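Asks: got a structure for you, letters missing:
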């Protein structure tokens with residue numbers, strides 16, 4: 001994987017993300033969850049995943065990197 005260009009890495013990342021999201025729509029149809037519960041879980045699961053990924057990648061520098069985002073980054 002070290003010999004991939006930046007564009008190839010991005011394309012691979014996008015492909016893997018689509019493969020994870022596609023079965024999700026099937027599970028949504030099969031689940032019997034009300035609309036607001038579904039909206040909550042569809043937001044909570046990616047937040048927790050990204051949060052844990054950042055903790056693993058940045059380790060002790062997590063808070064420093066988090067605060068370097070700036071005030072506008074908190075709203076996005």
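Replies: Good, I have the coordinates. Predicted model only: the values in this text are computed from it and were never measured.
Asks: Quick one: neighbours of residue 11, just the number.
Replies: Here the neighbour count serves as a burial measure; for residue 11 (other CB atoms under 10 Å) it reads 12. Any C-beta I mention is one placed from the backbone N, CA and C, and that applies to glycine too.
Asks: need the contact list for it.
Replies: The contact partners of residue 11, by CB atoms under 8 Å, 6 or more residues apart in numbering, come to none.
Asks: try 10 Å this time
Replies: When the contact criterion is CB atoms under 10 Å, 6 or more residues apart in numbering, the partners of residue 11 are 4, 5.
Asks: for stretch 7-22, the distance to its chain's centre please.
Replies: 12 Å (CA atoms, centre = their mean, to the nearest Å).
Asks: pLDDT (mean, whole number) over it?
Replies: Regarding stretch 7-22, the rounded mean pLDDT is 84.
Asks: Could you name the specific helix or strand carrying the residue lying farthest from the centre of the chain?
Replies: The outermost residue of the chain relative to its centre, with distances by CA atoms, centre = their mean, is residue 3 at 24.8 Å. Counting by DSSP states H and E, residue 3 is held by no secondary-structure element, helix or strand.
Asks: Now do residue 58: how many residues are near it, please.
Replies: In terms of burial, residue 58 registers 13 neighbours under the definition other CB under 10 Å.
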